[in-house]
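> Starting from these lines, generate the structure:
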Amino acid sequence: MVDKTPFRLSLPALTAYVACAQRFALEHIEKVPEHERALDPVLGIDSAIRLAILRFFRHGGLAARSLADLLDGLGRHWPARSMFADDDGCHDAFQHAQGLLESFYRHPYPEGVAHEVDFDRFAAWPEAKGGVLLSGYLDRTVLLQDGTIEVLIYKTRDFPRKGTTLEPSIEALGYYSLADAVYGQWATGEVRLTYVNLDGMVAATLEIERGKFDRRWRLLQPTLDGLRRDRRHFERGLMLHEAFPMNRGPRCAGCSMRRHCDRTLEWHRETFLGEGTGDVPEY
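Below is the predicted model of the structure:
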C-alpha cells in the first residue's frame with residue numbers, strides 16, 4: 001500500500017538527507033539533544049553572522065544603522081569560548097567574521113532597492129510535491145526598482161566563487177520554490193533567488209523561467225522517493241542506522257553527529273567482526 005501522507009520537512013533537513021541520510025535521521029527523527037552533539041564552531045560562527053545581519057536590518061539596516069551596530073550584533077551572538085580549541089582560535093575566527101561583515105557593510109548588494117520587504121521570513125509550500133511538504137526561512141527579501149522581488153540567502157562558505165549563475169542544487173531549488181510560494185502571486189515582476197557570499201560579496205542568481213520550475217523539480221523526485229522509502233523502513237521496525245545509511249567521507253570530520261556514527265561503526269565491528277578495538281575507520 002502506497003503511503004500518501006505528506007512528509008513535512010524543513011529545507012535544512014532535506015539538504016542534510018542529501019549529504020548523509022544518517023545525519024538527517026539523528027538530527028530530525030531521533031532528535032539527538034544539543035548536549036550530545038559534537039561542538040562545531042563553524043556552525044556557531046555562521047549562525048552568529050546571520051543573526052547579526054538580521055538584527056541589523058530589523059533595526060533599520062543600511063539607511064539607519066552604522067557599521068558599529070552591525071558588529072555589535074556579531075558580539076551579541078558569538079558562540080561560547082568552549083566551542084573553540086583555544087583563545088587564539090576564537091580570536092582569529094572573530095576577526096575573520098568581523099571582516100566579512102565589514103565587507104557586507106561597505107559593498108552592499110543589491111543596488112536599486114526600492115523597499116525592504118521581509119527578514120527571516122518563514123515560507124512553506126501550499127501543497128505537497130513528490131510526497132513532501134517543504135518549509136524554510138528566507139534571510140532577506142527586497143523589492144527592486146524594476147519590480148523584481150529578490151530573495152537573498154547569505155553564505156560564508158561552500159559557495160561558487162566564480163560567475164553569477166547559481167547551479168540548481170536541491171537547496172537552491174528548494175529556496176526558489178519557497179520564495180515563489182510566498183511572493184509569486186503578488187509580484188509584478190519576476191521572483192529571483194540570489195546567494196550572496198559574504199567572503200568577497202560575490203552574488204550568484206538562480207535563473208529559472210516561469211513555468212519551467214516544475215520540470216526541474218521533477219528531476220529531484222528520486223531523492224524524495226528515497227527519503228520516504230527510508231522513513232517507511234524505519235517506521236516498520238528497521239534500526240535507524242540501517243534505514244538511514246551513513247555516507248562516510250571527509251565531511252564527517254566537521255559533523256556534529258560524528259560521535260554517534262563512530263559508536264555505530266564500533267558496535268558493528270564488535271557484533272559482526274569481533275574486533276572491539278575502540279577505533280573507527282578513517283574518514
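> Just the helices from the stretch 101-250 of the chain, written as ranges.
Assigned helices in the stretch 101-250 of the chain, in chain order: 170-183, 213-218, 221-235, 240-243 (criterion: DSSP state H, counting those that start in this stretch).
> Throw those helices into TSV and include mean neighbour count and distance to W125, thanks.
C-beta here means a position set from N, CA and C on the backbone, and glycine is covered the same way. Formatted as TSV, the helices of the stretch 101-250 of the chain follow (neighbours: other CB atoms under 10 Å; distance: least, CB to CB, whole Å):
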stretch	mean neighbour count	distance to W125
helix 170-183	22	6
helix 213-218	13	11
helix 221-235	16	12
helix 240-243	18	25
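> got TSV for those helices, with mean pLDDT too?
Putting those into TSV (pLDDT from 0 to 100) gives the following:
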stretch	mean pLDDT
helix 170-183	90
helix 213-218	73
helix 221-235	86
helix 240-243	84
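> For L198, which of these is the nearest?
Nearest to L198, of all those, is helix 170-183, at 16.8 Å by CB to CB.
> For burial, what's the neighbour tally of L133?
By the measure other CB atoms under 10 Å, the count of residues near L133 is 14.
> next one: V18
16.
> you'd agree it is up against T223?
Yes: V18 lies in contact with T223 (CB atoms under 8 Å); the separation is 6.3 Å.
> between the two, what contacts are shared?
Each of I170 lies in contact with both V18 and T223 under the rule CB atoms under 8 Å, 6 or more residues apart in numbering.
> ok, now how distant is G73 from F56?
6 Å (CB to CB, to the nearest Å).
> These two: who's more crowded?
Legend: neighbour count by other CB under 10 Å for G73 and F56, higher for F56 (25 against 21).
> need the contact list for that one.
The contact partners of F56, taken as CB under 8 Å, 6+ apart, are R65, D69, L70, G73.
> Can you read off the pLDDT for the last one?
The one in question is G73. Note for G73: predicted pLDDT of 93.
> three-state assignment of it?
helix (DSSP: H, G, I helix; E, B strand; the rest coil).
> which residues of the protein score low on pLDDT?
Flagging of the chain using pLDDT under 70 yields the residue ranges 1-4, 38, 158-164, 209-211, 253-254, 262-283.
> Find the nearest non-adjacent residue to G184, please.
Spatial nearest neighbour of G184, chain neighbours left out: V191 (5.5 Å); criterion: CB to CB, 6 or more residues apart in numbering.
> Does the one you found touch A179 like I think?
Yes: between V191 and A179 there is a contact at 5.5 Å, judged by CB under 8 Å.
> so what sits against both of those two?
Residues touching both V191 and A179 (CB under 8 Å, 6+ apart) are I149, V151.
> Contacts for stretch 87-99 next, please.
P41, I45, A48, I49, L71, L74, W78, R81, F84, T156.
> Just the buried residues of that stretch, please?
Across stretch 87-99, burial judged by 16 or more other CB atoms under 10 Å covers C90, A93, F94, A97, Q98.
> between those, which is closest to L219?
Nearest to L219 among the buried residues of stretch 87-99, counting by CB to CB, is A97 at 35.9 Å.
> Distance of the closest one relative to A204?
21 Å.
> Contact partners for T223?
Contact partners of T223, counting by CB under 8 Å, 6+ apart, are L14, Y17, V18, I170.
> Among those residues, which are located in strands?
Judged by DSSP state E, strands contain none of those.
> mind giving me JSON lines with those residues and columns for distance to Y195?
Below are these laid out as JSON lines (distance: CB to CB, whole Å):
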{"residue": "L14", "distance to Y195": "17"}
{"residue": "Y17", "distance to Y195": "20"}
{"residue": "V18", "distance to Y195": "17"}
{"residue": "I170", "distance to Y195": "14"}
